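Visitor: Provide a 3D model corresponding to the input given below.
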Amino acid sequence: MALGTPIAVIGAGDAPAALRELAFAVGRAIARRGATLVCGGRGGVMEAAAAGAHSAGGHTVGILPGYDRREANPHIEFAIATGMGEARNVIVVASADAVVALTGEAGTLSEIGLARKLKRPVVALCSWAEIEGLVRADDPETAVELALAIATGAAEKK
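Guide: Okay, here's the model as predicted:
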């Protein structure tokens with residue numbers, strides 16, 4: 001089994017329906033392009049994105065804050081129990097070649113900051129327009145297309 005380019009999806013753990021629908025579409029787009037979804041493995045945006053990837057036959061990796069792999073949402077194929085709490089955020093972004101950031105709270109903001117420190121490109125979809133250095137996207141398909149182009153170096157080759 002070959003895993004595709006790892007793309008992290010980050011966002012609110014407690015997400016309203018509209019945001020979960022957006023995350024589902026991002027996850028589905030990741031799987032349709034043969035990439036692997038990496039996320040925090042729990043609820044909200046993470047669960048919706050994993051459900052989208054799973055629905056399209058994609059691979060999903062969940063980096064969990066606790067020691068119990070059973071805490072992963074049901075759409076996570078590979079659950080990694082870290083026992084690190086919120087410190088696992090660095091593992092989420094470090095495990096990906098690019099990050100798609102949706103609306104979230106302090107945890108999402110920390111992941112964006114960590115991704116920038118680690119020089120992982122961040123594509124913002126309905127997320128923190130005021131942060132400089134993020135690539136902007138208006139829809140899930142474009143967000144994933146940009147993330148993959150940057151992650152695979154296709155953007156530099158053009």
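Visitor: pLDDT below threshold where in the chain?
Guide: Counting by pLDDT under 70, the chain shows low-confidence ranges at 1-2, 154-158.
Visitor: tell me the helix or strand right after the helix ranked longest in it.
Guide: Of all segments of type helix in the chain, defined using DSSP state H, the longest is helix 17-32. Reading on from helix 17-32 to the C-terminus, the next helix or strand found by DSSP states H and E is strand 36-39.
Visitor: that following strand pairs with which strands?
Guide: strand 6-10 (parallel), strand 59-64 (parallel) (DSSP bridges).
Visitor: and these as TSV, adding distance to Gly83 and mean neighbour count?
Guide: No exception for glycine: its C-beta is placed from N, CA and C like everyone else's. What follows is those, written out as TSV (distance: least, CB to CB, whole Å; neighbours: other CB atoms under 10 Å):
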stretch	distance to Gly83	mean neighbour count
strand 6-10	20	28
strand 59-64	9	24
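Visitor: Ile150: which of these is closest?
Guide: Closest of the strands paired with strand 36-39 to Ile150 is strand 6-10, at 10.1 Å (criterion: CB to CB).
Visitor: can you show me the strands along this structure?
Guide: 6-10, 36-39, 59-64, 78-81, 98-101, 122-125, 135-137 (DSSP state E).
Visitor: other SSEs contacting the fifth one?
Guide: For strand 98-101, the elements it packs on are strand 6-10, helix 106-117, strand 122-125, helix 140-151, judged by 3 or more CB pairs under 8 Å, 6 or more residues apart in numbering; DSSP states H and E.
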